[in-house]
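Trainee: fold the stuff below for me.
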Amino acid sequence: MPATNLNVAILPVDMTAGDACANLDYIEKRIDSLPAAIDLIVLPEMCNTGYTVDPELATAYSESVDGYSMTRLRAIAARRNAAIWGTMAMTDDNGALVNRGFMIDPSGHTDYYDKHHLFTLGGENKLYTSGRTTPPVIEYKGWRLRMSICYDLRFPVWNRWNVRSSNYDALIIPANWPDARAIAWHTLLRARAIENQAYVVGCNRLGSDPYGTYSIDISHVFNHWGDDIADRTHDGVILATFDGAALDRDRQRFPNLAGADDFDIITD
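Mentor: Sure, this is the predicted structure:
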């Protein structure tokens, strides 16, 4: 269990479509305005370009793991001594487009996860290749952090605390989830927190895109009881502290995860 607290900043971004340089300028400026003692910074889905299911745009937006955007974010993470979490359109080793999640730690080490549940209603599955591995659980500052991306949220087993291999302390979800489905977004985030006795972060974008609008308060952070612990600023940034001692104490005094099922997920 975590022995220390984790200070988290959730940074919703009103992205300029396709302009990685401008978007990263904006992200860097907002990161520089954060308090010094931030351990983890969470960005929205496709944080460098904005989300798209347009084939021509997605191909133009995609980068490699060592491309301009990742290189620049690694430098920011090192300078701020904080981890940075988000997703981008990338090209995998086989040349296929993927919606790839990442966490860059201050040393530059990066963990990845390719989004598994693609948004079929929007045609995401026709353009991007589904990830075939379960999300990693990343050890960072004594915390076990699990990746998930947007539409993955709707599938509880995919995000389930697993007694065999996938137990975690916090679930981190970058997203591009419009206001039109905000009730589902809010409810499912809170449900994942309660059922897994874990902190849950949902970082959305701001503004608007071809898929909808995104209000100033659509990003969320819940503790392991489902309580909203967001400290919101006027521009949508959320600051929150994950309390390691409280998580450990509450899991011990109310051990509902002791009855969790042992299961395997088959992706092929």
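Trainee: which SSE is immediately downstream of the longest helix seen in the chain?
Mentor: As assigned by DSSP state H, the longest helix anywhere in the chain is helix 182-196. Scanning forward in sequence from helix 182-196 by DSSP states H and E, the next helix or strand is strand 199-203.
Trainee: strands of the stretch 51-200 of the chain, residue ranges please.
Mentor: Secondary structure of the stretch 51-200 of the chain (DSSP state E, counting those that start in this stretch): strands located at 83-91, 97-104, 110-114, 137-140, 143-147, 170-174, 199-203.
Trainee: dump those strands into a markdown table; add mean pLDDT, mean neighbour count and distance to Ile238 as well.
Mentor: Where C-beta positions appear, they are placed from N, C-alpha and C, glycine not excepted. Below are these laid out as a markdown table (pLDDT from 0 to 100; neighbours: other CB atoms under 10 Å; distance: least, CB to CB, whole Å):
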| stretch | mean pLDDT | mean neighbour count | distance to Ile238 |
| --- | --- | --- | --- |
| strand 83-91 | 97 | 25 | 13 |
| strand 97-104 | 98 | 24 | 18 |
| strand 110-114 | 98 | 20 | 22 |
| strand 137-140 | 96 | 18 | 19 |
| strand 143-147 | 97 | 23 | 17 |
| strand 170-174 | 98 | 28 | 13 |
| strand 199-203 | 98 | 28 | 8 |
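Trainee: nearest to Asp228, of these?
Mentor: Closest approach to Asp228 among the strands of the stretch 51-200 of the chain is made by strand 199-203 (10.7 Å; CB to CB).
Trainee: which residues does the very next helix or strand once past that closest one contact?
Mentor: Next helix or strand after strand 199-203 toward the C-terminus (DSSP H and E): strand 207-209. The contact list for strand 207-209 (CB atoms under 8 Å, 6 or more residues apart in numbering) reads Asp14, Met15, Ala17, Gly50, Tyr51, Asn176, Thr213, Tyr214.
Trainee: give me the distance between stretch 68-86 and the centre of its chain.
Mentor: How far stretch 68-86 lies from its chain's middle: 15 Å, per CA atoms, centre = their mean, to the nearest Å.
Trainee: can you mark which positions in it are buried?
Mentor: Residues 69-70, 72-74, 76-77, 80, 82-86 are the ones in stretch 68-86 that count as buried (16 or more other CB atoms under 10 Å).
Trainee: run through the residues that contact the residue lying closest to Gly212 once chain neighbours are set aside.
Mentor: Spatially, and ignoring its direct neighbours in sequence, Gly212 is nearest to Pro178 (2.7 Å; CB to CB, 6 or more residues apart in numbering). The contact partners of Pro178, by CB under 8 Å, 6+ apart, come to Tyr211, Gly212, Thr213, Tyr214.
Trainee: and of those residues, the nearest to Tyr140?
Mentor: After measuring the contacts of Pro178 against Tyr140 - CB to CB - the closest member comes out as Tyr214, at 27.4 Å.
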